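Visitor: Give me coordinates for this.
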Amino acid sequence: MEEMYATFNMGIGMILIVDKDVAKEIISEYERLDQVIYNLGTIQRGDLCVEI
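Guide: Sure, this is the predicted structure:
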């Protein structure tokens with residue numbers, strides 16, 4: 001399996017988009033279940049442009 005991750009783009013898996021008020025609770029629950037979880041970013045109101 002390790003070789004597959006090194007060779008192929010295995011993707012992120014599942015993405016959750018949640019309200020910031022519950023994000024900490026969700027992160028804690030995933031960590032309690034020994035699951036790896038990443039905060040990939042935030043959605044913010046702003047100018048009509050793309051910023052990378």
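
Visitor: CA only for contacts and neighbour counts going forward, please
Guide: Will do.

Visitor: Would you map the helices across the protein?
Guide: 2-7, 20-32 (DSSP state H).

Visitor: would you put the C-alpha positions of stretch 34-51 in CSV?
Guide: Output in CSV follows, covering the C-alpha atoms of stretch 34-51 (Å, rounded to 0.1, in the frame of the first residue of the first chain):
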residue,chain,number,x,y,z
ASP,A,34,-7.4,7.8,15.8
GLN,A,35,-8.3,9.2,12.4
VAL,A,36,-6.0,11.6,10.6
ILE,A,37,-7.7,14.9,9.9
TYR,A,38,-6.5,18.1,8.3
ASN,A,39,-8.0,21.6,8.3
LEU,A,40,-7.6,22.5,4.6
GLY,A,41,-8.7,26.1,4.8
THR,A,42,-11.6,28.4,5.3
ILE,A,43,-14.3,30.0,3.2
GLN,A,44,-14.4,33.8,3.6
ARG,A,45,-16.4,36.6,2.0
GLY,A,46,-14.2,38.8,-0.1
ASP,A,47,-13.6,40.4,-3.4
LEU,A,48,-14.7,38.5,-6.5
CYS,A,49,-11.3,37.0,-7.3
VAL,A,50,-9.4,33.8,-6.9
GLU,A,51,-6.5,33.7,-4.5
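
Visitor: Can you tell me how far residue 40 is from residue 4?
Guide: Distance of residue 40 to residue 4, computed by Cα to Cα, to the nearest Å: 23 Å.

Visitor: Kindly report the same for residue 27.
Guide: Distance, residue 27 to residue 4, by Cα to Cα: 27 Å.

Visitor: and the residue nearest to residue 27 when sequence neighbours are not counted, what does it touch?
Guide: Nearest residue to residue 27, sequence neighbours excluded (Cα to Cα, 6 or more residues apart in numbering): residue 37, at 6.8 Å. Residue 37 is in contact with 27, 30, 31, counting by Cα atoms under 8 Å, 6 or more residues apart in numbering.

Visitor: Buried subset of those residues, written for PyMOL?
Guide: PyMOL command restricting these to the buried ones, with burial defined by 16 or more other Cα atoms under 10 Å:
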select buried, resi 27
